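Here's my sequence, what's the structure:
(2 chains)
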There are 2 protein chains.
Amino acid sequence: MHTAFLQQTIKLAVKSTQIHKGGPFAAIICRDQNIIATGINNVTCNNDPTAHAEIMAIRNACSQLNTFQLKDCVLYSSCEPCPMCLGAIYWARIKQVYFACNRYDAALAGFDDSFIYDEIAMLAEQRKIPMQHIKLKESLDPFNAWQTQENKIPY
Amino acid sequence: MHTAFLQQTIKLAVKSTQIHKGGPFAAIICRDQNIIATGINNVTCNNDPTAHAEIMAIRNACSQLNTFQLKDCVLYSSCEPCPMCLGAIYWARIKQVYFACNRYDAALAGFDDSFIYDEIAMLAEQRKIPMQHIKLKESLDPFNAWQTQENKIPY
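Numbering: from 1, shown residues only, chains lettered A, B, ... in the order given. Here you go, the predicted model:
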């Protein structure tokens, strides 16, 4: 069953490059073995660097189910999720992930997710993109406002 | 100057909780010291777990500038970016990042980005969300289709 869903995901990724001229990636989200939503890489078509296949599939599934959590859902991806998509999978509370290529296959094809995996593990000040923590006296104001906010929706 | 932009970002994050009932986070993207776009946390309002402040600011800035890369842009965030947003920052080619709280401040307020940072560093099979690589004979088909695709836009 997982193999069949992955094969369908791979076909969608091939179609993504051929029809939409998008990146060679696709994802499918299922619940109870039914497809809830699909996603293809729309980075260049949508001018959105966050529009990876997994992110698009998560957004589409949430919209379909009218929720911001996908607790009972399984994600199939044509390739191992990059750190951005992996983060999105955790925030969406996806139950399980299957993928058909890994980050090294992606690197050979020119998509260097490995580089970002390495960068994320570093301290902020050691990364290639300089990142600086400037602590201000009002830094915690947003969290204090959140703590005292009534009717908030935790997520 | 960086302090002033961060202070503005913090104010926007406070407003996010009070007016939009969203999470206590905001981000601002600048180019040549001019604000190009802002973003607040829209996870619960939009039913989109990927709608963190930094992701929203990146999407808005790309839409504003009609591009999928923000090479000359600086991102100010009320809090250290989570791994998803950090990945998005790399894919968007942001030049520099400043933030006012760190991941430990966020954890104290109930936002456990630290957990996701720890998970990302693990091997796929050791993570809390089970992730499985199933290599199929057609796994590389999308990358092969990409290699031979004419008129593609690399990203």
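
Past the helix or strand of chain A with the lowest mean pLDDT, which element shows up next along the chain?
Least confident helix or strand of chain A, by mean pLDDT, DSSP states H and E, is helix A:113-120 with a mean of 88. Downstream of helix A:113-120, the first helix or strand assigned by DSSP states H and E is strand A:131-133.

what about stretch A:46-56, start to end distance?
11 Å (CA to CA, to the nearest Å).

Could I get the buried residue list for the longest helix seen in chain A?
Assignment by DSSP state H gives helix A:2-19 as the longest helix of chain A. Across helix A:2-19, burial judged by 16 or more other CB atoms under 10 Å in any protein chain shown covers A:5-10, A:12-14, A:16-17. Just so you know, the C-beta spots here come from the backbone N, C-alpha and C atoms, and that holds for glycine as well.

Just send the residues you listed back as JSON lines, with pLDDT and distance to B:A124 too.
Formatted as JSON lines, the buried residues of helix A:2-19 follow (pLDDT from 0 to 100; distance: CB to CB, whole Å):
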{"residue": "A:F5", "pLDDT": "98", "distance to B:A124": "18"}
{"residue": "A:L6", "pLDDT": "98", "distance to B:A124": "15"}
{"residue": "A:Q7", "pLDDT": "98", "distance to B:A124": "20"}
{"residue": "A:Q8", "pLDDT": "98", "distance to B:A124": "21"}
{"residue": "A:T9", "pLDDT": "98", "distance to B:A124": "17"}
{"residue": "A:I10", "pLDDT": "98", "distance to B:A124": "18"}
{"residue": "A:L12", "pLDDT": "97", "distance to B:A124": "22"}
{"residue": "A:A13", "pLDDT": "97", "distance to B:A124": "19"}
{"residue": "A:V14", "pLDDT": "96", "distance to B:A124": "24"}
{"residue": "A:S16", "pLDDT": "90", "distance to B:A124": "23"}
{"residue": "A:T17", "pLDDT": "89", "distance to B:A124": "25"}
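
re earlier: which other helices and strands does the least confident helix or strand of chain A contact?
Helix A:113-120 sits against helix A:83-91, helix A:103-108, helix B:83-91, helix B:113-120, with contacts defined as 3 or more CB pairs under 8 Å, 6 or more residues apart in numbering or on different chains; DSSP states H and E.

Can you give the contact residues for that helix?
A:80, A:82-84, A:103-104, A:106-107, A:127-129, B:83, B:86-87, B:90-91, B:117, B:120-121 (CB atoms under 8 Å, 6 or more residues apart in numbering or on different chains).

ok, back up a step: and the buried residues of helix A:2-19 near chain B, which?
A:6-7, A:10, A:13-14, A:16-17 (CB under 8 Å from any CB of the partner chain).

Can you tell me which of those lies closest to chain B?
Nearest to chain B, judged by CB to the nearest CB, of those is A:A13 at 3.6 Å.

Double-check that closest one against A:G22; I have them as touching.
No - A:A13 is beyond contact range of A:G22, at 9.2 Å (criterion: CB atoms under 8 Å).

Need the residues touching each of those two.
Shared contacts of A:A13 and A:G22, counting by CB under 8 Å, 6+ apart, come down to A:40-41.

what sits against the residue lying closest to A:H2 once chain neighbours are set aside?
In space, and not counting its chain neighbours, A:H2 is closest to A:Y98: 5.2 Å by CB to CB, 6 or more residues apart in numbering or on different chains. Counting by CB under 8 Å, 6+ apart, A:Y98 touches A:2, A:5-6, A:74-77, B:131-134.

Out of these, who's the most crowded?
Of all these, the most densely surrounded is A:L75 (31 neighbours; neighbours counted as other CB atoms under 10 Å in any protein chain shown).

Just the buried subset of the contacts of helix A:113-120, please.
A:80, A:82-84, A:103, A:106, A:127, A:129, B:83, B:86-87, B:90-91, B:117, B:120.

Which of the residues you listed sits closest to B:D141?
B:D141 has its nearest neighbour among these in A:A106, at 13.7 Å by CB to CB.

If anything else comes up later, I'll come back, but that's it for now.
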